[in-house]
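output the structure for:
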Amino acid sequence: MGTVPLRMRFRTFTRALLALCTAGFLATGAACSSGGASSASGSTPVDHLTVSTSAADFTFASLYLAQSEGLFAKHGLQVTILTGPAASAIPYLVAGKADLTLYSILPGLLAADQGADITYIYQNIDVFGVALIGSKDITTIAQAQHLNSCRLATTPAGSLTYNFAHLYSQELHLKCTLVQLANNALIASGVEAGSYQLGVNSLAPAVAAQAAGAHILIDPRSATYQQYYAPPPYMVEAYYGIGTRLEKMKGAVVKFLQAIQDAENLFRTQTPAQLTAEIRTNSAFAGQSTSSLVTGFTQLQSQMQGGCNGQPHGDIDQACWAATLSGVATWGVPTFNPSSAANTYASRVDMSYYDAARPH
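Sure, this is the predicted structure:
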């Protein structure tokens, strides 16, 4: 394909990619889905937290499993999941409408650059493969390369997927306009329908799109992907909040992480099919395809075996944080400076919540 390994070819993009976080601070409007039971036996009063996230995405499955399986109530906690457009997740956090967010790393870092007291407390997932998919008429990379113009669907600027959209466009010399969509589901459905000739997506929605007639042109499970495109591991998603607020609700936050760890234990004890059946009892996932969810849970089960740079899942140590800053720098946001004093481990990471939530 005329490419060289990703570690040597990630370019520093010069486009303004701040649409997600800067303009997004002004976004309004969302849909709320209430958390688990309103009270737990013997727990009065019940603590409450609101968690913002961008969508019911399979990579956020631990949050939704904890909700649908009653694990928050088990720990004497009520959780409201606040969903909306991708650009809303951080504004809700900064404005105090949410206590925590489960989201991509970079928007939080950009919010911190603008003065927000962002504190990361738990790793959700580290980097994993991003597929290139084609519509039903685009079955090979060669066909995509011969298009005189095309529309390539991606998630918003400043995301890992957007970075891969640039990478694939440049490495494969595609003549594409990048179209930013709110979430992976819209990318998959748009490519299936032929509204976009190409799309970039994580593996599970790519498999769902394939089942509906689209084609996977670059498969993150393939040797080609591992040789040319796979980046070194670093955190992609995490739980984070406003540090001074988190300190005032530490007991509730610790209960929250205990429930999340209970949900993650399900990944170690149940099959992907069982996990799929359980998550589909949550109305947010009811319409998602069984095959894509099974694929996603298979991928997540592998990741739950460990965390960033060999640490236990959820832990963020200094080596992991350094790798994350280095990895996120390849996403190409011109204003992001990984060497800034504001981005040091001591400034941005607080593992005391994680330590208190771990079984002893």
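
name the residues of whichever strand or helix holds residue 255 that are buried.
Secondary structure assigned from DSSP states H and E places residue 255 in helix 250-269. Within helix 250-269, the residues that qualify as buried by neighbour count (16 or more other Cβ atoms under 10 Å) are 252-264, 266-267. (Glycine included, C-beta is placed from N, CA and C.)

tell me the buried residues in the helix or strand just after it?
Later in the chain than helix 250-269, the nearest helix or strand by DSSP H and E is helix 272-279. Neighbour-count burial for helix 272-279 flags 272, 275-276, 278-279 (criterion: 16+ other Cβ under 10 Å).

now, which of those residues sits nearest residue 182?
Of all those, residue 279 has the smallest distance to residue 182: 20.5 Å, by Cβ to Cβ.

how far away is the nearest residue to that closest one once chain neighbours are set aside from residue 64?
Leaving aside its sequence neighbours, residue 279 sits nearest to residue 285 (Cβ to Cβ, 6 or more residues apart in numbering; 4.9 Å). Shown here: residue 285 relative to residue 64, a distance of 7 Å by Cβ to Cβ, to the nearest Å.

quick one: common contacting residues for these two?
Common contacts of residue 285 and residue 64, defined by Cβ atoms under 8 Å, 6 or more residues apart in numbering, comprise 56, 279.

so residue 99 touches residue 249, yeah?
Yes: contact criterion Cβ atoms under 8 Å: residue 99 and residue 249 qualify, at 6.5 Å.

now do the shared contacts for those two.
residue 49.

per-residue confidence at residue 40?
pLDDT recorded at residue 40 is 39.

likewise the one 3 residues further on?
On pLDDT, residue 43 comes in at 40.

residue 80: which of the buried residues of helix 272-279 is nearest?
residue 279 (18.3 Å).

surely residue 230 touches residue 129?
Yes: Residue 230 is within contact range of residue 129, at 6.9 Å (criterion: Cβ under 8 Å).

give me the common contacts of the two.
Counting by Cβ under 8 Å, 6+ apart, the contacts common to residue 230 and residue 129 are residue 220.

between the buried residues of helix 272-279, which is closest to residue 312?
Using Cβ to Cβ, residue 275 comes nearest to residue 312 of the buried residues of helix 272-279, at 20.6 Å.

list the residues that contact the closest one.
Contacts of residue 275 by Cβ under 8 Å, 6+ apart are 61, 65, 266-267, 293, 297.

I'd like the residues you listed as JSON lines, with pLDDT appended.
Formatted as JSON lines, these follow (pLDDT from 0 to 100):
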{"residue": "61", "pLDDT": "91"}
{"residue": "65", "pLDDT": "94"}
{"residue": "266", "pLDDT": "93"}
{"residue": "267", "pLDDT": "89"}
{"residue": "293", "pLDDT": "89"}
{"residue": "297", "pLDDT": "90"}
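
out of those, which is nearest to residue 337?
Nearest member of these to residue 337, counting by Cβ to Cβ, is residue 61, at 32.8 Å.

out of everything not next to it in sequence, what's closest to the closest one?
Nearest one to residue 61, counting by Cβ to Cβ, 6+ apart, is residue 279 at 5.9 Å.
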